[in-house]
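1. Model the following, please.
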Amino acid sequence: MAGMYNVSKEAKIGNNVHIGDFSTIYEDVEIGDNCVIYGNVTIFPGARIGSGVTIFPGAVVSAIPQDLKFKGEYTNAFVGDGTTLRECVTVNRGTSAKGKTVVGSNCLLMAYTHVAHDCVLGNRVIVSNASQIGGEVQIDDAAVIGGGSMIHQFCHLGRNIMLQGGALVNKDIPPFVKAAREPISYVGLNTIGLHRNGFTDEQIKIISDVYRVLYLSDLNVTNAVKLIEETLPQTELRDEIVAFINGSTRGVIRSAI
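-> Okay, here's the model as predicted:
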């Protein structure tokens with residue numbers, strides 16, 4: 001840990017942590033073992049950083065939210081084990097809405113990504129360069145976000161999706177799909193991503209059957225979901241997709257096909 005940096009005596013730093021020159025770590029920060037924090041990183045109070053995390057120069061973790069409703073309440077920002085934050089990534093801490101911002105384990109947030117207050121990112125999420133994620137967004141496990149994407153606050157992006165670079169997202173994106181175009185739309189299954197994540201051909205067929213009804217039947221969402229439940233065998237994957245759609249508060253994307 002030798003170097004020219006400023007670490008509060010009240011910070012809790014794990015074993016085998018490298019801290020680069022000109023980094024600042026404030027009080028009420030906890031950092032796990034085997035982390036690498038390069039130079040010119042700022043970690044503000046309320047940060048909880050797991051083990052094996054790598055943070056590149058210019059990144060800022062747990063700064064106060066860019067939210068005018070924030071009144072100085074105590075909140076946190078969590079970064080899970082094995083996650084990498086590249087250059088100039090910003091992860092703001094939460095507000096009274098949820099109390100915390102969470103970036104899961106083994107994620108990769110590429111350079112200039114912004115994660116706003118009260119977001120929850122699952123595990124193995126990849127967010128490509130210069131993407132901006134608004135407040136209280138939820139992104140589920142193994143989602144891949146294309147570079148330069150803009151995600152509206154309160155949106156929910158399901159697991160194992162692939163989002164086109166430069167996307168403007170203002171609707172919820174259900175799991176396992178590819179989303180692209182303007183306005184953001186369903187353009188097919190994320191078949192390659194599903195195979196890479198260990199889904200079987202049988203599982204992919206189940207997913208395909210659900211989305212064939214939802215997006216290719218010319219029914220509205222309500223009637224499509226009803227037909228899915230009436231005609232497709234009940235499986236965990238079918239029910240997961242249906243539950244996502246029924247739980248959507250912003251409405252799910254429509255089809256471009």
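2. For the residue nearest in space to the middle of the chain, which residues are in contact?
-> By Cα atoms, centre = their mean, the chain has its centre lying nearest to L121, at 3.1 Å. Listed by Cβ atoms under 8 Å, 6 or more residues apart in numbering, the contact partners of L121 are V102, V103, G104, C107, V115, V127, Q138, I139. Quick note: C-beta positions are derived from backbone N, CA and C, even for glycine.
3. Next step: the residues you listed restricted to strands.
-> Residues of those located in strands (DSSP state E): V102, V103, V115, V127, Q138, I139.
4. Now do the last one: how many residues are near it, please.
-> Same thing as I139. The local packing of I139 (other Cβ atoms under 10 Å) involves 28 other residues.
5. Check the contact between H114 and T90; I expect there is one.
-> Yes - contact criterion Cβ atoms under 8 Å: H114 and T90 qualify, at 4.9 Å.
6. Check which residues of stretch 73-91 are buried.
-> 75-91 (16 or more other Cβ atoms under 10 Å).
7. Quick check: chain neighbours aside, which residue is closest to K171?
-> Once flanking residues are discounted, K171 sits nearest to I253: 4.7 Å by Cβ to Cβ, 6 or more residues apart in numbering.
8. Give me the distance between the one you found and N123.
-> I253 is 23 Å from N123, where distance means Cβ to Cβ, to the nearest Å.
9. got the buried residues for stretch 211-225?
-> Y211, V213, L214, Y215, A224, V225.
10. In strands, which of those fall?
-> Per DSSP E, the buried residues of stretch 211-225 never map to strands.
11. hey, which helix is longest across this protein?
-> helix 201-216 (DSSP state H).
12. Let me see the ranges of the strands in the stretch 151-257 of the chain.
-> 156-157, 162-163, 168-169, 177-180, 185-189, 254-255 (DSSP state E, counting those that start in this stretch).
13. Quick one, which of those strands gets closest to A11.
-> strand 156-157 (32.9 Å; Cβ to Cβ).
14. and that closest one, what does it pack onto?
-> strand 138-139 (3 or more Cβ pairs under 8 Å, 6 or more residues apart in numbering; DSSP states H and E).
15. what's the strand it packs on in contact with?
-> Under Cβ under 8 Å, 6+ apart, the answer for strand 138-139 is C119, V120, L121, G122, V125, V127, I133, I145, I151, C155, H156, L157.
16. want to throw those into TSV with distance to I43?
-> Below are these laid out as TSV (distance: Cβ to Cβ, whole Å):
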residue	distance to I43
C119	18
V120	20
L121	18
G122	22
V125	20
V127	19
I133	19
I145	24
I151	24
C155	27
H156	28
L157	27
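17. In CSV, list those residues along with pLDDT.
-> Below are those laid out as CSV (pLDDT from 0 to 100):
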residue, pLDDT
C119, 99
V120, 99
L121, 99
G122, 98
V125, 98
V127, 99
I133, 99
I145, 98
I151, 98
C155, 98
H156, 98
L157, 99
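18. Specify which member of these is nearest to Y26.
-> C119 (21.1 Å).
19. mind checking pLDDT for the residue lying closest to that closest one once chain neighbours are set aside?
-> Nearest non-adjacent residue to C119, counting by Cβ to Cβ, 6+ apart: V137, 4.8 Å away. pLDDT for V137: 98.
20. one step back: and which of the contacts of strand 138-139 is nearest to I245?
-> H156 (10.6 Å).
21. I'd say the closest one and A143 touch.
-> No - with contact defined as Cβ under 8 Å, H156 does not reach A143; the gap is 10.6 Å.
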